[in-house]
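Quick one, fold the following:
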Amino acid sequence: MGKKKLLIILAALVIVLGGAYILYSKLSKDYAPEQIDGGNTVPSESGSSEGEAQGYSAAPDFTVYDADGKAVKLSDLKGKPVIFNFWASWCGPCKSEMPEFEAAYKQYGDQIQFMMINLTYGSETRSAADSFVSSSGYTFPVYYDTDGGASGTYGVSAIPTTYFVNAKGELIARGVGALDGASLKQGIEMIIP
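Numbering: from 1, shown residues only. Coordinates of the predicted model:
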């Protein structure tokens, strides 16, 4: 191989690696949990609360269904921090973050209420969701958004999307896209006293 060919290959490699670094840097920032500024990112309930005076708004309520078909409201869980994640079994990025959520659930499940909310409408079915969770061996609690009401309340337009709510029921942070372990831990640390 001549020197000219070797220089061309090295230059191309430098360009590819530089581009990969820039893309990685941008995506890392996009997928990390971000601070929610008083509910401007997410619709807030009318009225004000003590949390809104501190820059946080009350998490809008929604209803989903547990494995037994029982209706569960977000407001029913007030008093304990909550992480809720919108996902579907056909979503590659959703699947990629599930091991991180399983590990976090095993570590923090006694301190935090985890709500893995399957978007069970449109092309997603409950049997597909249940089959994926079962075959993967996940033990975190799965809830079903059968009419799109929960995801509609939060204006979810991309999945996975994760919200972090403190024990007072205030929105603290949001992560859009697949979260890695460090980003999930960062969000958890924002809601655990």
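
mind checking the SS state of Pro99?
Put simply, Pro99 is helix when judged by DSSP: H, G, I helix; E, B strand; the rest coil.

and it, what pLDDT?
On pLDDT, Pro99 comes in at 97.

Kindly report the same for Lys4.
In this model, Lys4 is scored at 79, pLDDT.

Figure out the helix or strand that the residue nearest the centre of the chain lives in.
Centroid check for the chain by Cα atoms, centre = their mean gives Thr162 as the closest residue, at 2.1 Å. Using DSSP states H and E, Thr162 sits in strand 161-165.

re the thing from before, distance check, the residue nearest to the centre of the chain against Ala173.
Note on Thr162: its distance to Ala173, by Cβ to Cβ, to the nearest Å, is 9 Å. Bear in mind the C-beta positions are built from the backbone N, C-alpha and C, glycine included.

tell me the phi and psi of Ala158?
For Ala158, the backbone dihedrals (degrees, to the nearest 10) come out as phi -140, psi 140.

tell me, how many neighbours does it end up with?
Using other Cβ atoms under 10 Å, Ala158 has 10 neighbouring residues.

Outside of the helix or strand harbouring Ala103 itself, list whatever touches it.
Secondary structure from DSSP H and E places Ala103 in helix 92-108. With contact meaning Cβ atoms under 8 Å, 6 or more residues apart in numbering, helix 92-108 is reached by 83, 85, 87-89, 112, 114, 116, 132, 136, 138-140, 159-160, 177-181, 184-185, 188, 192.

same deal with stretch 175-193?
Counting contacts by Cβ under 8 Å, 6+ apart, the residues touching stretch 175-193 from outside are 27, 30-34, 81-83, 93-94, 96-97, 100-101, 103-104, 108, 111-112, 158, 160-162, 164-167, 172-173.

Tell me the helix or strand right after the lowest-mean-pLDDT helix or strand in the chain.
Using mean pLDDT, DSSP states H and E, the weakest-scoring helix or strand in the chain turns out to be helix 50-53, at a mean of 39. The helix or strand immediately downstream of helix 50-53 is strand 63-65, counting by DSSP H and E.

quick one: average pLDDT of that following strand?
Mean pLDDT, computed over strand 63-65, is 97.

Name the residues of that strand that are buried.
63-65 (16 or more other Cβ atoms under 10 Å).

ditto for stretch 107-123
Applying 16+ other Cβ under 10 Å to stretch 107-123 flags 108, 112-121 as buried.
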